[in-house]
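*Asks:* no sequence on this one, just coordinates:
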């Protein structure tokens, strides 16, 4: 259950990263730091 939620969170984070990179939003850097953690 916990593993599934973490996997979905990772997928949603990757989706946000792709969108922020396309729009060149500076907020994408924040997601990069969160993923690094």
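*Replies:* Structure's in. What do you need? None of these values were measured; they are calculated from a predicted model.
*Asks:* Mind telling me what element the spatially most central residue of the chain is part of?
*Replies:* Nearest residue to the geometric centre of the chain (CA atoms, centre = their mean): residue 13, 2.2 Å. Element membership for residue 13, per DSSP states H and E: helix 2-23.
*Asks:* by contact count, what packs against that helix?
*Replies:* Packed against helix 2-23, as judged by 3 or more CB pairs under 8 Å, 6 or more residues apart in numbering; DSSP states H and E, are the following elements: helix 28-36. Any C-beta I mention is one placed from the backbone N, CA and C, and that applies to glycine too.
*Asks:* Tell me how many other residues crowd residue 3.
*Replies:* 7 (other CB atoms under 10 Å).
*Asks:* Begin at 861, not 1, for the rest of this chat.
*Replies:* Let's use 861 as the start, then, which means that last one is residue 863.
*Asks:* That one and residue 869, how far apart?
*Replies:* The gap separating residue 863 from residue 869 is 11 Å, by CB to CB, to the nearest Å.
*Asks:* Check residue 877 too.
*Replies:* The spacing between residue 877 and residue 869, counted by CB to CB, is 13 Å.
*Asks:* More neighbours: which of these two?
*Replies:* Neighbour count, other CB under 10 Å: between residue 877 and residue 869, residue 877 has more, with 15 against 11.
*Asks:* pLDDT value on the more buried one, please?
*Replies:* Looking at residue 877, its pLDDT is 77.
*Asks:* Verify the stated contact: it with residue 893.
*Replies:* No - under the criterion of CB atoms under 8 Å, residue 877 is not in contact with residue 893, lying 11.5 Å apart.
*Asks:* hang on, isn't the residue nearest to the centre of the chain packed against residue 892?
*Replies:* No - if you go by CB under 8 Å, residue 873 and residue 892 don't touch, sitting 9.8 Å apart.
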